[in-house]
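Undergrad: no sequence on this one, just coordinates:
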Ligand code: BES
Ligand code: MN
Ligand code: MN
């Protein structure tokens, strides 16, 4: 009955999603402020059409949060669905095969910025809700909280969560914003890394200099910055910041073994990325390196002359953006402080450095022994005919830890994307199969969660 409804409404589901994908809701760029709001309005309208009551845009200091709820019976369990309608910037634009905000289907995949992260995944919940309403099958109360600043660090969410504490009361948080192992092997994410994001600026002389007249005698900020960045990691892929690993929880041998049991094909991984070899912390597998080990990466670096031809210049300044992915129990505030102290301490006298902290996020682990997790397992078993494997993802969703701390709520990370969906990259895409089976699995989750709570 449900499968058939999904099949017969597939075209409409997709065209509704496409309309959302056409709105360039890039939260990082103020140029798109009006579009971000437009996307929020669209989500609100679609929630209302699906039958959610009291849907409103809640204003924040930044982009609005869409909040709505359908309370069928206060004695029934409540699912709080979280997602985000904002997207990452689309550039570099020239690397897209089709325009990022003109969704296009190729090979049964939807190509567009936000197709997977997170518009496509978030929209599955609205359609699952529509199905439950249409078939009179709604068995849980449902709340929707869809934000517009996830991709820029959710800075205004803590205030909202505090103010809306009562309205946010629920039994579980349900999020689809992570990856599956594959369409042949379902998985549920049980761990996310945290984040500490820094920007550094190195200044040499008080102005750009002729690189012949002064070169060799005055510090070149680009050379110095490059050296400083390189020194942050040793030849074994260890971060050299003193204290960086102090609160990292090591996994037991059994936990490591379980983690590495997940199907993973290293040669396929390398082939898909076009690399001859992987590189990372010595003594750990690729799954461990992304799932349970912290790391440090330069995300951007600039300075000096980058225009056409050659300009012989010794620049006055050089800058870089550096991210650190964190694991339990590293605290982003502590790591930010350790980084700042260390980075300043390694600067030679010949330059000045400035360190700025951008957003951060706590790492999170979610339980596998909860009723909600078990309901998710049952949903996968019913729809996929296979038990999902618990996995740890390398990305970050800072609100998972926030929800736990502020509301005492556990999250189920029921993601349907694939790591190969090119999130944050050109040609981001989302499989139509993933979208449709995701809707079906979410519908099944509602059923199993209600049943588990009435046991
Ligand atoms: N959905 C992603 C996080 C993600 C992707 C988790 C794939 C697991 C698998 C989310 O939108 C994201 O990109 N988060 C940011 C963090 C944020 C603070 C900017 C990230 O991980 O860089
Ligand atoms: Mn996301
Ligand atoms: Mn993202």
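TA: Nice, thanks for sending it over. Computed from a predicted model, the values in this text were never measured in an experiment. Numbers count the residues shown, from 1 in each chain. Ligands and ions are numbered 1, 2, ... in the order given.

Undergrad: Quickly check: stretch 189-202 near ligand 1 or not.
TA: Yes - judged by CB under 6 Å from any ligand atom, stretch 189-202 comes into contact with ligand 1 at 192, 195. For every residue, glycine as well, the C-beta is placed using N, CA and C.

Undergrad: Please identify the buried residues of that stretch?
TA: Neighbour counts over stretch 189-202 (16 or more other CB atoms under 10 Å) mark 189-198, 200-202 as buried.

Undergrad: Identify the residues contacting the residue lying closest to residue 84 once chain neighbours are set aside.
TA: Closest residue in space to residue 84, ignoring its immediate chain neighbours: residue 150 at 3.5 Å, by CB to CB, 6 or more residues apart in numbering. Listed by CB atoms under 8 Å, 6 or more residues apart in numbering, the contact partners of residue 150 are 27, 84, 86, 118, 177, 397, 399.

Undergrad: from the residues you listed, which ones fall inside helices?
TA: Residues of the contacts of residue 150 located in helices (DSSP state H): residue 399.

Undergrad: Please work out the average pLDDT along stretch 332-341.
TA: The average of the pLDDT scores along stretch 332-341 is 98.

Undergrad: can you check stretch 7-22 too?
TA: Averaging pLDDT residue by residue across stretch 7-22 gives 98.

Undergrad: Could you chop the protein up by domain?
TA: Following automatic domain parsing, one gets these domains for the chain: 2-192+363-454, 194-248+294-361.

Undergrad: Quick check: which of those domains is buried the most?
TA: Ranked by mean neighbour count, the domains of the chain are led by domain 2-192+363-454 with a mean of 20 (mean count of other CB atoms under 10 Å).

Undergrad: how far does that one stretch from start to finish?
TA: With CA to CA, to the nearest Å as the measure, domain 2-192+363-454 spans 23 Å from end to end.

Undergrad: do that domain and ligand 2 meet?
TA: Yes - using CB under 5 Å from the ion, domain 2-192+363-454 reaches ligand 2 at 117-118, 177.

Undergrad: What's the per-residue pLDDT of residue 1 here?
TA: What the model reports as pLDDT for residue 1 is 88.

Undergrad: Can you give me the pLDDT of the closest residue to residue 206 other than its chain neighbours?
TA: In space, residue 206 comes closest to residue 316 once its chain neighbours are excluded; the distance is 6.7 Å by CB to CB, 6+ apart. With respect to pLDDT, residue 316 scores 98.

Undergrad: what does the helix or strand harbouring residue 334 rub up against?
TA: Assigned by DSSP states H and E, residue 334 falls within helix 332-345. Contacts to helix 332-345, defined as CB under 8 Å, 6+ apart, come from residues 194-196, 198, 200, 228, 240-244, 247, 322, 324, 326, 353, 355, 357, 360-362.

Undergrad: which residues sit in contact with the closest residue to residue 266 other than its chain neighbours?
TA: Distances taken as CB to CB, 6+ apart put residue 286 closest to residue 266, at 6.4 Å, once the chain neighbours are dropped. Residues near residue 286 by CB under 8 Å, 6+ apart: 264, 266, 269, 278, 280.

Undergrad: For ligand 1, tell me which of those residues show up nearby.
TA: Applying CB under 6 Å from any ligand atom to the contacts of residue 286, none is adjacent to ligand 1.

Undergrad: Could you list which of these belong to helices?
TA: In this view, the contacts of residue 286 that belong to helices under DSSP H are 266, 269.

Undergrad: Can you flag the buried ones in the contacts of residue 286?
TA: Here, 16+ other CB under 10 Å leaves nothing buried among these.

Undergrad: Now tabulate the contacts of residue 286 in a markdown table and tack on pLDDT.
TA: As requested, the contacts of residue 286 are exported to a markdown table (pLDDT from 0 to 100):
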| residue | pLDDT |
| --- | --- |
| 264 | 95 |
| 266 | 97 |
| 269 | 95 |
| 278 | 98 |
| 280 | 98 |
